[in-house]
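Chemist: Give me a 3D structure for the following:
(3 chains)
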Amino acid sequence: MSKVVAPGSELKSAGKLNIGLLLIALAILLVVLKPYLPEFLIRLPALLVVPFADAINFLFFFIKDDLGFIHVTRAIAGGVESLLDVTANLLYGKRRWPRIGPIPWTTIALTAGCIGYALGGWRLALLGVGTFCWAALMGQWKWTMETMSVIVVAVPVAVLIGLLLGVAAWRSTRFEKVISPLLNVAQSLPHFAYMIPVVVFIGVGPKSGAIVTIIFAVPPMVRMTLLGLRKVPPEVVESGQMCGSTKWQLLRNVRIPTARTEILVGVNQVIMQSLAMVVLASFIGMPGLGQKLLQLLQSLKIGRSIEIGITIVLLAIMLDRFSKAWAHRQPTHHERGTSWITRHKLFLIWVLLVAATLLLSTVFPLAAEIGRRQAFTLSKEFDAIVDWGLTFIDPVTLSIRAFLITQVLVPMRDAYLWLPFSAVITLFAGIGWYIGGRKSALICVAYVALIALSGWWDRAMITAYMVSAAVVLSALIGLPLGTWASRKASRAERVLLVCDTMQTFPSFIYLIPVIMLFGVNDVAAIAAVIVFGCVPMTRYTIEGLRGVPENLIEASDMSGANRWQKLRTVSFPMAVPTIMVGLNQTVMFSLFMVIIAAFIGTQDLGQEMQRALSSTDVGKGLVLGLCVAFMGLMVDHLITRWGSERQKLLGLSQ
Amino acid sequence: MLRKQAVTTTKMLGAAVALTLGSALPLHAADSSDPIIIPIHNWNSQIVMSNVVGQIFEEMGANVEYVSTDSQAVYEAVRNGDVTLELEVWEGAFGAAFNAAMEKGGIVDAGDHNAVTREDWWYPDYVAELCPGLPSWEALNGCAAMFATPETGDSGRFLGGPVDWLKHDQERVDALGMNFKVVNAGSASALWAELAAAKKRGEPIVLFNWTPNFIEAVHPGAFIEFPEHQPGCDKDPALGPNPNATYDCANPPNGYLKKAAWDGMAEKWPAAFATLQKISFTNPQIAEMAKLVDVDEFEPEEAASEWLAANEDVWKAWIQ
Amino acid sequence: MSESSPLISCKGLWKLFGDNPEAYLESKKASGIPDFESLQADGYIPAVRDVSLDIAEGEMLVIMGLSGSGKSTLVRCLSRLIESTAGSIDVAGQDLRALDEKGLIELRRNKMGMVFQNFALLPNRTVLDNVIYPLEMRGQDKHTRRERALEVIKLVGLSGREDYFPRELSGGQQQRVGIARSLAIEPDIWFLDEPFSALDPLIRREMQDEFLRLQDMLGKTIVFITHDFDEALRLADRIAIMKDGVVEQVDTPDKIVLQPQTPYVARFTEDIERSRVVHASFLKEEISGAVPEGEALPASSTIHSLSRRLVDDVREVYPLVDDAGEICGQMRRAAALDVMLGSSSTPDSTT
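Modeler: Numbers count the residues shown, from 1 in each chain, chains lettered A, B, ... in the order given. The predicted structure is shown next:
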């Protein structure tokens, strides 16, 4: 008996491999036999294309007009707007209730300083004061405050919604099952796809900017809340129960405070997502830095747009460091008998500073606001630097540009477009099966088939070609760079700071120099994507390599391994799961950036997305967005699956 | 109070009657104290113009707010009353969106500016030296090889505007049998970036452009002269040199530049609406506004004040 | 220990983890009690199997077992932190399993306290506020709850640290806060789930002493969980030894050591120095005939503490006196030496 069973089970495990490889072989066969294939295997017949966009539009307009949902959304928007009016009045003096603003810039800068000091000492205090001083001295105060007036409304609202949804998902597994895939899709949907429905339901203006920012920022908050609540040690909950807490008391007094760190990390992510929307949301009326940036780019003022870019980066870094410091802050106590004044020293200093600055600004108007004319500018210098850089690199890029286009990209693009769609589906089924068995194969087939059914196959293939080119090049840059940076702690820290900066620097600014170097073509688009895509690749390579356990390094040192051997045999194999997370993010970043690269001029999904935005075509925008999301989700599924198999393997081998 | 009144009146009389009533009212009938919302877009002449008009309204005692919007989506916003007016309706670029909004209702035509607009193929001055015979389109076609880029092979490249501007460049190339390929830039910024880079390298370039536009002040140039524009050229193949194709002639050289308003504006801010109808800028005035920002580095608000101070005689007449 | 009505009493208590365990267990009961392997084969994790225990008022029952033996699950069934699969639990005359949520909360707010292995303090609250927490839940007014909390904090020796946050305290101090919190509402029943396991050996010893001091003073009914046999022997009135969800033996430490009833329990007791556990009273015999001569030995002492005398004083039989000084029986020297040195005969033969 046992002799019969054993080969059977062996066959089963080998079968997984074989079917995967078989499917891949079949895909290759389909490619080779393309000339003989019937037309319906090369491109999906038009008859089978599902008019998803029409259906979505029908649904949206049914909800909006026939069900009168527009009144609901307008009412919500009204609520958001009244909040925005308050912050707008306080921060830049818009004529709305409570009509006491604008607060002088010196007051805000010193307030930021006090908050920074409370959260993390002198360094953060300096960062807070410095950021706002920069904004004021560079004459960007009003725009900065316009941006902040939206952020300070959007962030708390997004946090609140995320918290509520997170708690709901934690309480009800059924709700979690519904919301979890929605969050997955939402987080891989390009920004523009969010905007079109907002324009339809809300209109344009600061409130729309705030609402699109909120929608974009909620998903990570939900996830972190859920994660935090799940991570609360059962003992702590039990201790709460044994103290006789009701369910609500348990949630409010025990679970949420104990999940504080995760929840605050969620707040941090909300802030970062909001800042990522500063520029994009200005397409639908968000005022402030983003809007000004686009105007300046439109009239080719690179130097001044870099100034604004720096302000955005500074704001992002400041808010990031502040919220991280808050998240990791541990409570401390005052000794007994400490006087009220000592306990609230910082608060009193702040009150004094506020009073002083308010007084000062009535005497010296410059302490209240610095006009553009009195402000400094570095635009000439930046222009000169950019100009010098461009002149310097231009000969190099000019010479590789022709080669890249004619020898690499055009053939690659033609090849992608040439592929029969049946071969692509089979290929991904094979890869899916090879990595994760039948379930993964089915998931991959579903994603690819949906893209085919949407009727945007060719556009999607162009997007895929640009993303794959950009990802390969990003990896070729990011891996060595990350490896080099990880060798020394201080160097790693510096490179990570550069990564932070690159990630928060508004991507639109990259577009202009890239066009100047490469022209309006795919090289420029891919170059712009690489600038962004390199960041996670570098970051996770550094983190992966630096996270390799010390004892393994010591063990290989004692085995007499040289640097290269150590890297090849110990560090890289251990860091691979982390590096794969980086690869995954690079794919996501690249997908997002390819869509934005439509502003250079591409012929992919992004270009159609841009059209859908300007004609406020909800259905088309969402279908295109989902095509992009599906590509991202498929790659995400494959990499995550591969990573967990790999980790299992590492766990077993140890 | 006033706002409520206005709303009831509108409800009672309907939009059309309200409109006539509004324009018939005496000029100093009190305007609502609600802010007039002026949309601004991402090109400077429009921003300055919006600020100029806004400051004129403020001079008249109105409250004004600015909101940045997409230049295509703005017509939907005007229809809904989310923004009150639109100062630059370009025939070529936004005619379609404006007409679509007019059909749906809620928006009114507030008259044309004196300025005319033109959108067509364009080259910077230095290209004329490289390709003698410009601005004739035949001469351009003769130099086609000079405009070739790696991605267009042997044909010349024409750098078009974003596809959603719906220009029929490819059709024209085909109709006139030109040895050019159309490459669409993704945004106006992309056009200017390419132009600046080409100029720096001294490379020939021909691209989509329009007037009035700030770029004229920074990079002088000229439009290509295509076969003369004839109305209906886009529909009737018989018109134009190619008897078998449409789009075989130039874009209209004198497109309108319009103002549009929400149909409730006349009711709510009668005085401001009356002024809006009178407002009319000329091409040189618009170029001047753009120059104040693009060349003289003023902020749009300051540029507007500057312009108002220098041109009092022009705008005082509009508020009488 | 044979009080009339026990404070906690559970009968036929079961806890299975798995899919719809109630129905499964019901279906199996007809064909006798399923064993560990068959339960596992059916996809269930048997954590508590058919446990019956009575805990008298004022008694300290120590539940001892290795990790995975089901002791933590058992105590969570007794406090109804988790729902049992079958059986009955009676606490202070109330059917615990039948209580609704409100009743359960009432019971916990007034009658139960619990101490946890990893302290389970609320990180965002100070020592004082952690101790106040159960009183706050009970809705006591601010002044009284503060007074009471300060009192318990003093009791556990943490006065002066009221404003500290848990992370600012050492492990031992944190557990003192945990103890103070569990005592704040003056519970009748005190559950301690491996309270000292996370502490260093020296601190553990100190905390055990502290715990005995408190118990001396307060006299609570205690269910104490530990995996440390020495700790169990040191603290317990009675010990329940668990393995695979089943209570193998419940007895006084003396009996566990000298008369283990299963091979598993015997394995535990092998390396134990019995003389430190066994008391003279346990070897006590009825006096038949005349009272043995010579100085009497206290019945409540361990054999270990009497060892010098047992060596020096070579009488055949010693009279024993109880705490009041009355002669209550006699002890044979040979039996005591057997406990001290180990005997050639099996321990069972002493009875």
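
Chemist: Now stretch A:250-259: buried residues?
Modeler: Going by neighbour count (16 or more other Cβ atoms under 10 Å in any protein chain shown), the buried part of stretch A:250-259 is A:250-251, A:253-259. C-beta coordinates here come from the backbone N, C-alpha and C atoms, glycine included.

Chemist: so how far is the first residue of it from its last?
Modeler: Using Cα to Cα, to the nearest Å, one end of stretch A:250-259 lies 12 Å from the other.

Chemist: tell me the mean pLDDT over the helix or strand hosting residue A:153?
Modeler: If you go by DSSP states H and E, residue A:153 is part of helix A:141-171. Averaged across helix A:141-171, the pLDDT comes to 95.

Chemist: Tell me the gap between it and the middle of its chain.
Modeler: 16 Å (Cα atoms, centre = their mean, to the nearest Å).

Chemist: ok, now stretch A:375-395?
Modeler: Taking Cα atoms, centre = their mean, one finds the center of stretch A:375-395 at 29 Å from the center of the full chain.

Chemist: Then stretch A:495-509?
Modeler: Centroid displacement of stretch A:495-509 relative to its chain, using Cα atoms, centre = their mean, is 12 Å.

Chemist: Over to stretch A:588-607?
Modeler: When distances are taken as Cα atoms, centre = their mean, stretch A:588-607 is centred 15 Å away from the chain's centroid.

Chemist: Could I have the CA atoms of that stretch written out in CSV?
Modeler: Below are the C-alpha coordinates for stretch A:588-607, written out as CSV (Å, rounded to 0.1, in the frame of the first residue of the first chain):
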residue,chain,number,x,y,z
MET,A,588,3.5,50.4,-7.3
PHE,A,589,5.4,53.7,-7.4
SER,A,590,6.2,53.2,-11.1
LEU,A,591,2.5,52.5,-11.9
PHE,A,592,1.5,55.7,-10.2
MET,A,593,4.3,57.7,-11.8
VAL,A,594,3.7,56.3,-15.3
ILE,A,595,0.2,57.8,-15.0
ILE,A,596,1.6,61.1,-14.0
ALA,A,597,4.1,60.9,-16.9
ALA,A,598,1.1,61.4,-19.1
PHE,A,599,1.9,65.0,-18.6
ILE,A,600,5.0,64.5,-20.6
GLY,A,601,3.1,62.8,-23.4
THR,A,602,2.5,59.1,-23.5
GLN,A,603,0.1,56.8,-25.3
ASP,A,604,-0.8,54.6,-22.4
LEU,A,605,-3.6,54.3,-19.9
GLY,A,606,-2.4,57.5,-18.3
GLN,A,607,-3.1,59.6,-21.4
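
Chemist: Spell out whether that stretch and chain B are in contact.
Modeler: Yes. Judged by Cβ under 8 Å from any Cβ of the partner chain, stretch A:588-607 and chain B are in contact via A:597-602, A:607.

Chemist: Which residue would you name as the spatial centre of chain B?
Modeler: Closest residue to the average C-alpha location of chain B: residue B:90 at 3.7 Å, with Cα atoms, centre = their mean.

Chemist: nope, chain A is what I was after
Modeler: residue A:273 (6.4 Å).

Chemist: Please tell me I have it right and that residue contacts residue A:215.
Modeler: No. Applying Cβ atoms under 8 Å, one finds residue A:273 not in contact with residue A:215, separated by 10.0 Å.

Chemist: Pull up the distance across stretch C:255-262, start to finish.
Modeler: End-to-end distance of stretch C:255-262 (Cα to Cα): 12 Å.

Chemist: List the buried residues for that stretch?
Modeler: Across stretch C:255-262, burial judged by 16+ other Cβ under 10 Å covers C:255-260.

Chemist: any low-confidence regions in the chain?
Modeler: Picking chain A for this. Chain A contains residues with pLDDT under 70 at A:1-17, A:650-654.

Chemist: To clarify, I was referring to chain C.
Modeler: Applying pLDDT under 70 to chain C picks out residues C:1-4, C:343-351.

Chemist: quick check: longest helix of it.
Modeler: helix C:201-218 (DSSP state H).

Chemist: can you tell me how far the residue nearest to residue A:374 when sequence neighbours are not counted sits from residue A:632?
Modeler: Spatial nearest neighbour of residue A:374, chain neighbours left out: residue A:366 (6.8 Å); criterion: Cβ to Cβ, 6 or more residues apart in numbering or on different chains. As for residue A:366, its distance to residue A:632 is 49 Å (criterion: Cβ to Cβ, to the nearest Å).

Chemist: swap in residue A:550?
Modeler: Residue A:550 sits 35 Å away from residue A:632, going by Cβ to Cβ.

Chemist: Looking at these two, which one has more neighbours?
Modeler: residue A:632 (25 against 7; other Cβ atoms under 10 Å in any protein chain shown).

Chemist: Provide the secondary structure category for that one.
Modeler: Using DSSP: H, G, I helix; E, B strand; the rest coil, the structure places residue A:632 in helix.
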